[in-house]
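S.K.: When you get a sec, could you give me coordinates for this:
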Amino acid sequence: MQHTILLAEDDEDIVGLIKLYLEKEGFTVLWARDGVEAVDVFSSHHVDLALVDIMMPRMNGYELTKKIRETSSIPIIILSAAQLDSNKIMGLNMGADDYLVKPFNPLELIARINANLRRAYSLATPNVSQDDGKITVGDLVLDTHLLTLQKNGVPIQLTATEYKILIMLMKSPGRVFTKMQIYEEVNGEYLASDDNTMMVHISNLRDKIEDDPKTPKYIKTVRGLGYKIENL
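M.R.: Have a look, this model is predicted:
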């Protein structure tokens, strides 16, 4: 299946390099020079994944990510020269699924794109036993056919990464998963530096599903091991 990638980047040298590798891999690339143009492109074309630079004129990458998240859960990978954890955490909190620091190896970018696409578009056939495709834990109902989550009948919008984490936990309530197991399930190969990324995704999930994220009822931290969802 051919996928379409939205590339929001104002550096033409970087654009040329990325397009060269992506088109060689069979991707269709839609280029936007800034965030405002990217919104227009996104609104008028089918897009499967977005690559978003942070520092762009008119609308920066954080604002663009937030704008996309208002209507879509497509995978978003932020590309940035900013290496501070605070920049990475801000991007993930805005709704990004992944964060790659410049300069990067184009082959790593391709690997991350493929991992995010596999995660996002192979979600329709998870291995669940329920005939109606619904998994219920407490007040949470996750529909694996419609790829939706409701709490007490109220829809909760999730990113593709959050959905993948939650379905992994909800399929096995009470089971403890390590950060490495969760990360490898949603993103592929695990690196020690990815600990913060997983912590941010878990924190964002708690903000969405918990009545009190500081005292979570559903997603519990098992000190020294990882995370589990309570069998309520």
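S.K.: List the contacts of stretch 224-232.
M.R.: 137-138, 166, 169-170, 173-179, 181-182, 202, 217-222 (Cβ atoms under 8 Å, 6 or more residues apart in numbering). Quick note: C-beta positions are derived from backbone N, CA and C, even for glycine.
S.K.: What's the PyMOL syntax to select whichever of these are buried?
M.R.: Buried residues within the contacts of stretch 224-232, by 16 or more other Cβ atoms under 10 Å, are selected in PyMOL with:
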select buried, resi 137+138+166+169+170+173+177+179+182+202+217+218+219
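S.K.: Now, the contacts of stretch 224-232 that are in helices?
M.R.: Among those, DSSP state H puts Leu166, Leu169, Met170, Lys179, Gln181, Ile182, Ile202 in helices.
S.K.: Show the pLDDT at the last one.
M.R.: The per-residue pLDDT reported for Ile202 equals 91.
S.K.: That one reaches Leu166, doesn't it?
M.R.: No - taking contacts as Cβ atoms under 8 Å, Ile202 lies outside contact range of Leu166: 10.1 Å.
S.K.: dump the residue contacts of the most centrally placed residue in the chain.
M.R.: The chain has Asp97 as the residue nearest its centroid, 2.6 Å off, counting by Cα atoms, centre = their mean. With Cβ under 8 Å, 6+ apart as the criterion, the residues that contact Asp97 are Pro75, Ile76, Ile77, Asn116, Thr159, Ala160, Thr161.
S.K.: what is the mean pLDDT for stretch 78-97?
M.R.: Here the average pLDDT along stretch 78-97 is 84.
S.K.: Find the residue closest to Lys208 in space, skipping its chain neighbours.
M.R.: Using Cβ to Cβ, 6 or more residues apart in numbering and skipping residues adjacent in sequence, the residue nearest Lys208 is Ile156, 5.3 Å away.
S.K.: hey, what's the one you found bridged with?
M.R.: Beta-bridge partners recorded for Ile156 (DSSP bridges): Leu149.
S.K.: ok, it - contacts?
M.R.: Taking Cβ under 8 Å, 6+ apart, we find Ile156 in contact with Leu149, Gln150, Lys208, Ile209.
S.K.: Would you agree the second one is in contact with Gly138?
M.R.: This means Gln150. No - Gln150 lies out of contact with Gly138 (Cβ under 8 Å); the separation is 11.8 Å.
S.K.: Counting by contacts, list what the helix or strand harbouring Glu184 packs against.
M.R.: Here Glu184, judged by DSSP states H and E, is contained in helix 179-187. The contact analysis (3 or more Cβ pairs under 8 Å, 6 or more residues apart in numbering; DSSP states H and E) places helix 179-187 against helix 106-121, helix 160-170, helix 195-209, strand 226-229.
S.K.: how about these, which one is nearest Leu142?
M.R.: helix 160-170 (5.5 Å; Cβ to Cβ).
S.K.: what is the rounded mean pLDDT of that closest one?
M.R.: Helix 160-170 comes out at a mean pLDDT of 88.
S.K.: elements contacting it?
M.R.: helix 106-121, strand 134-137, strand 140-143, helix 179-187, helix 195-209, strand 226-229.
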